[in-house]
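> I would like to see how this sequence folds:
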Amino acid sequence: MSRTHRRCSATAAGILTLGALAFSTSPAASAQQNNRCPDAQWYQGDLDCRMTHNGPGSRWYEGEWVAVHITADGAWANGYDPHPEHRYQVAVGSGGSTLYSGASTGGTGVGLSVGKVAVTSKVTGAIGISPRVLTVTRTR
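Sure, this is the predicted structure:
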């Protein structure tokens, strides 16, 4: 997956609203929430990585997922949707700052990433699959 970070306004895609990260959005009941990322999701420089996914069991790569990566110089998020009929978008927020990726079609094999924001006591990542949102939150 490319780790190219893109900054876009929320209105560019319209999938995630400006308040999506500010409110407690519950993912589907079957989602594995706020877990430590699997080894394949860690990048060089990551100090911490947390993920939420709705893949079956530990097979995160078979479902929609979003991860928050904490590094020495900020936080970023990446995510993916394997369903070609879906449009999705990824966001990362910390403190009063939220960044949004552009939107993409699922099932391409290439995910989206966005960042970096300052690391505060609460960093949230989100993947919006209209109209659902999965979130992951890393707190310290």
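> Can you classify Tyr61 as helix, strand or coil?
helix (DSSP: H, G, I helix; E, B strand; the rest coil).
> For the closest residue to it other than its chain neighbours, list the residues it contacts.
Once flanking residues are discounted, Tyr61 sits nearest to Gly55: 6.4 Å by C-beta to C-beta, 6 or more residues apart in numbering. From N, CA and C alone the C-beta is placed, and that goes for glycine too. By C-beta atoms under 8 Å, 6 or more residues apart in numbering, the contact list for Gly55 reads Gln32, Tyr61, Glu62, Gly63, Glu64, Trp65.
> where do the strands sit along the chain?
For the chain, applying DSSP state E gives strands covering 32-36, 46-53, 65-71, 74-80, 87-94, 97-100, 104-105, 112-117, 122-129, 132-139.
> Who are the packing partners of the helix-or-strand element of the chain with minimal mean pLDDT?
When each helix and strand of the chain is scored by mean pLDDT, DSSP states H and E, strand 32-36 comes last, with a mean of 83. Here strand 32-36 touches strand 46-53, strand 132-139, going by 3 or more C-beta pairs under 8 Å, 6 or more residues apart in numbering; DSSP states H and E.
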